[in-house]
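[1] sequence and predicted structure below; questions after.
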Amino acid sequence: GAVVSQHPSRVICKSGTSVKIECRSLDFQATTMFWYRQFPKQSLMLMATSNEGSKATYEQGVEKDKFLINHASLTLSTLTVTSAHPEDSSFYICSTSRAALNYEQFFGPGTRLTVL
Amino acid sequence: AQSVTQLDSHVSVSEGTPVLLRCNYSSSYSPSLFWYVQHPNKGLQLLLKYTSAATLVKGINGFEAEFKKSETSFHLTKPSAHMSDAAEYFCVYNTDKLIFGTGTRLQVFP
């Protein structure tokens, strides 16, 4: 399967600061990247879908101004949590896909965000 | 609406004994269903997928799942558990996006 990396693997920040999480597709060009959120002992919830060079499509209930997604290249997408608050503490996971691989999604290892 | 329900939040087995992780789906048409496994500090990995071909699907690491339309089920099984199988398992409904079940934590005791 494809290799997807995320950086950082964990981050702790103060309330009110912004945090950027990177997602990289290491061995293929991903036309589409997805961002998920996973609360402790809960399932993954899709936050947004991003296609390279276009604006991300956010799921209902996800604040686009709070969770900024940039998909500037076929191998990199970033998620910025702006003005983070303790309730934003969660596990954020990205995935990549492309048509040539039947749109199968390949997942990164996740980033644990803790907002104090 | 399409959804999946994982009936057990935790399953504990002894090494060498069979594993059964249960999943039921809700769909008005023939679904596309996956099982993913999540190990700590690793990305989710696709175990197997059902896409309306054979009803018995074989996956990696000795896992398999059987699609039963009459029972709206897609249970995951393995004949003999290994310690390395301890992880979180997700049943997933595939539409234009992935809809995850709530997960089942599998513990394997020596």
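    Here it is on my side, so go on.
[2] what residues does chain A have near chain B?
    Listed as neighbours of chain B in chain A under the rule C-beta under 8 Å from any C-beta of the partner chain: A:1, A:4, A:9, A:34, A:41-46, A:49, A:93, A:95, A:104-110. C-betas here are computed from N, CA, C, even on glycine.
[3] which among these count as buried?
    By neighbour count, with 16 or more other C-beta atoms under 10 Å in any protein chain shown, the residues of chain A next to chain B hold A:4, A:34, A:43-46, A:49, A:93, A:95, A:105-110 as buried.
[4] where does pLDDT dip in the chain?
    Using chain A here. By pLDDT under 70, the low-scoring segments of chain A are A:1, A:100-101.
[5] quick check, central residue of it?
    Centroid-nearest residue in chain A, with C-alpha atoms, centre = their mean: A:W35, separated by 3.5 Å.
[6] what about B:G103, distance to B:H10?
    According to C-beta to C-beta, to the nearest Å, B:G103 stands 10 Å off from B:H10.
[7] higher neighbour count, those two?
    Taking neighbours as other C-beta atoms under 10 Å in any protein chain shown, B:G103 and B:H10 compare with B:G103 leading, 23 against 9.
[8] and the longest strand for chain B?
    strand B:87-94 (DSSP state E).
[9] would you mind pulling up the elements that that strand packs against?
    strand B:3-6, strand B:23-26, strand B:33-38, strand B:73-78, strand B:98-100, strand B:104-109 (3 or more C-beta pairs under 8 Å, 6 or more residues apart in numbering or on different chains; DSSP states H and E).
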